[in-house]
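Trainee: coordinates only, sequence not included:
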């Protein structure tokens, strides 16, 4: 039974020299560079092969060329009013959450900035941030910048469902924020409404704020009812929950970096106060186009969800033919699988061998965890790899063909 609470002092630094997790190149960039170097199929970094709806791209292009509404100059620090209204209407339409777009919505340079601004606004030295593990890598890095301690509650294969009981055991009087991610990266887990309710109850009991990362909200394939449940819509959650999302995953426009944070006015104000000294504002032409997309793009979102579900099934089936046993994700871009069945004990150590000899790159799940600190140097999910399926069918098929070589490759990397 894994420990309910893991403290990571290595990401609670005082001096920049003590912050290797902050200064290191992200695992996503590292694996993409490895794929490029070896000409490998990149199932690592989660960017789609498609560029999103053409009509949305044209809106941005026309705004840039015409300069309409000062599209090439600074946007307001809180974001374009049209986009803030569109985000508020989106939350009302999909989840029944009512928001004042002027006080309860702030536009950010992607969800990553939203998470960073929120953690920097709400935490500092002496505080603790709790998250479930594995986790998106920026969670630990930004917590380190804030000076807070990063605490994780381990998830367990194959269902990767969080435990409200384990969460409560991890909370102390220093816990300030729970950073929750559903749908979950890297596992694709969707937390069901009844578990979300128990998590909210725990946070209310201990006066812990919730920072909810919901960037895969429109890519839910399975689950209790096959749809996303926003944490802020759970009874008792709205007063303590900041919700983060973005257009990047929903509309296949990851490079546009248009995100948002919503929630109680006093918390959003705190986020905005920090955000103004990060980017201040960005991409007014993109913001205007996404305002239109949020209002008119539901048909695209449904079509994309069906397409990615088919790609998920395609990759899962192919990985099984390669002798692996992938976890079927209920949502998101990724599946995870244990390479240990093929004699690969350490996915990170084998990454270059896999890129060069199998011609495929994934993301080692251990890079989205922290070492246990035990004397044996144990690393969570050491032999697990994350594979992205947000690609063209031909790319997925080529990766599957190349992964057939993993059976032989296991003999090589297993002796490393």
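Mentor: Sure thing, it's come through. Being a predicted model, the structure only gives us computed values, none of them experimental.

Trainee: now the helices for the stretch 201-350 of the chain?
Mentor: 247-250, 265-275, 284-296, 298-321 (DSSP state H, counting those that start in this stretch).

Trainee: Out of these, which is closest to residue 225?
Mentor: Nearest to residue 225 among the helices of the stretch 201-350 of the chain is helix 298-321; the distance by Cβ to Cβ comes to 14.0 Å. (Each C-beta comes from the backbone N, C-alpha and C, glycine too.)

Trainee: Name the residues that touch stretch 273-284?
Mentor: Outside stretch 273-284, the residues that touch it by Cβ atoms under 8 Å, 6 or more residues apart in numbering are 63, 69-77, 79-80, 106-109, 113-114, 116-118, 120-121, 256-258.

Trainee: Endpoint to endpoint, that stretch covers what distance?
Mentor: End-to-end distance of stretch 273-284: 19 Å, with Cα to Cα, to the nearest Å as the criterion.

Trainee: In that stretch, which residues are buried?
Mentor: Neighbour counts over stretch 273-284 (16 or more other Cβ atoms under 10 Å) mark 274, 275, 281, 282, 283, 284 as buried.

Trainee: cool, and stretch 128-140?
Mentor: Buried residues in stretch 128-140 (16+ other Cβ under 10 Å): 128-140.

Trainee: about what we covered before: indicate which one of the helices of the stretch 201-350 of the chain is closest to residue 241.
Mentor: helix 265-275 (8.5 Å).

Trainee: where does residue 237 sit relative to residue 243, distance-wise?
Mentor: Plainly put, residue 237 is 10 Å away from residue 243 if you go by Cβ to Cβ, to the nearest Å.

Trainee: the more surrounded of the two?
Mentor: residue 243 (28 against 23; other Cβ atoms under 10 Å).

Trainee: So that one sits against residue 209, correct?
Mentor: No: judged on Cβ atoms under 8 Å, residue 243 makes no contact with residue 209 at a distance of 11.8 Å.

Trainee: and the helices of the stretch 201-350 of the chain as a markdown table, adding distance to residue 44?
Mentor: Shown next, in a markdown table, are these (distance: least, Cβ to Cβ, whole Å):
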| stretch | distance to residue 44 |
| --- | --- |
| helix 247-250 | 16 |
| helix 265-275 | 29 |
| helix 284-296 | 25 |
| helix 298-321 | 13 |
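
Trainee: Return the most buried member of these.
Mentor: Highest mean neighbour count of the helices of the stretch 201-350 of the chain: helix 247-250, a mean of 26 (counted as mean count of other Cβ atoms under 10 Å).

Trainee: and it, what does it pack onto?
Mentor: strand 258-262, helix 284-296 (3 or more Cβ pairs under 8 Å, 6 or more residues apart in numbering; DSSP states H and E).

Trainee: How about residues contacting that helix?
Mentor: 46, 110-111, 215-219, 253-259, 290, 293-294, 301, 333.

Trainee: Is it possible to mark the buried ones in those residues?
Mentor: Buried, going by 16+ other Cβ under 10 Å: 46, 110-111, 215-219, 253-254, 256-259, 290, 293-294, 301, 333, out of the contacts of helix 247-250.
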